[in-house]
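A.B. asks: the following comprises the amino acid sequence and a computationally predicted model.
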Amino acid sequence: MSSNQNLSGETYGNTSRNSSILIEISDPQNHGVGTKKYTDYLVKTKTTLPIFSSKEFSVRRRFSDFEFLKNKLEQNLKIKPPHLPDKAWKRQIPFMKETLFDEAFLEDRRKALDQFINNVSEHPLVQTEKLWVSFLQDDEFNKN
């Protein structure tokens, strides 16, 4: 099984990009202070898929939003999406030299999230999933 296949043998991240949707994860920004501090990422989408309300849009999403999306896609569609980057628990310990907010860590995570969302977007079942559409285009991503 290749690294682009899930346990069912379905392939993600086809090397010939699906031109009907292009997604870019960029611009990590830190917000809050102390234990309330978090990072979100700009998710820019260009698409010709008719399920979306416009052809270009952008939203900001936190790592936890990506986790929620992955878990719900597994649950709702019975597919095995590609892996997300690790949660990085060690970086959350107070007074550690390396934290969740280091520039190099954020860039590595951004790249991994970009790869994850683009690989997921290749799956035909995902392309019509309302939760996925909401994740990409709705300013307020409802987790209920």
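C.D. replies: Happy to help now that I have it. Just so it is clear, the structure is predicted and the values come from calculations on it, not from any experiment.
A.B. asks: low-confidence ranges, this protein, go.
C.D. replies: 1-19, 88-100 (pLDDT under 70).
A.B. asks: strands of that one, residue ranges please.
C.D. replies: With DSSP state E, the ranges of strands along the chain come out as 21-31, 38-47, 56-62.
A.B. asks: residue 81 touches residue 118, doesn't it?
C.D. replies: No - contact criterion CB atoms under 8 Å: residue 81 and residue 118 do not qualify, at 11.8 Å. C-betas here are computed from N, CA, C, even on glycine.
A.B. asks: number of residues surrounding residue 52?
C.D. replies: Residue 52 sits with 16 neighbouring residues when counted by other CB atoms under 10 Å.
A.B. asks: what's the distance between it and residue 25?
C.D. replies: 17 Å (CB to CB, to the nearest Å).
A.B. asks: residue 108 and residue 85: what is the separation?
C.D. replies: Residue 108 is 7 Å from residue 85, by CB to CB.
A.B. asks: again, but for residue 104
C.D. replies: Taking CB to CB, one finds residue 104 at 13 Å from residue 85.
A.B. asks: could I get the CA-only coordinates of the lengthiest helix in the chain as CSV?
C.D. replies: In the chain, taking DSSP state H as the definition, the longest helix is helix 103-121. The C-alpha trace of helix 103-121 is given here as CSV (Å, rounded to 0.1, in the frame of the first residue of the first chain):
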residue,chain,number,x,y,z
GLU,A,103,7.8,30.0,13.3
ALA,A,104,9.5,26.8,12.0
PHE,A,105,6.9,24.6,13.7
LEU,A,106,4.0,26.6,12.3
GLU,A,107,5.4,26.4,8.8
ASP,A,108,5.9,22.7,9.0
ARG,A,109,2.3,22.3,10.3
ARG,A,110,1.0,24.6,7.6
LYS,A,111,2.6,22.5,4.9
ALA,A,112,1.2,19.3,6.4
LEU,A,113,-2.3,20.8,6.6
ASP,A,114,-2.0,22.0,3.0
GLN,A,115,-1.1,18.5,1.9
PHE,A,116,-3.9,17.0,4.0
ILE,A,117,-6.7,19.2,2.7
ASN,A,118,-5.6,18.9,-0.9
ASN,A,119,-5.3,15.1,-0.6
VAL,A,120,-8.8,14.9,1.0
SER,A,121,-10.2,17.1,-1.8
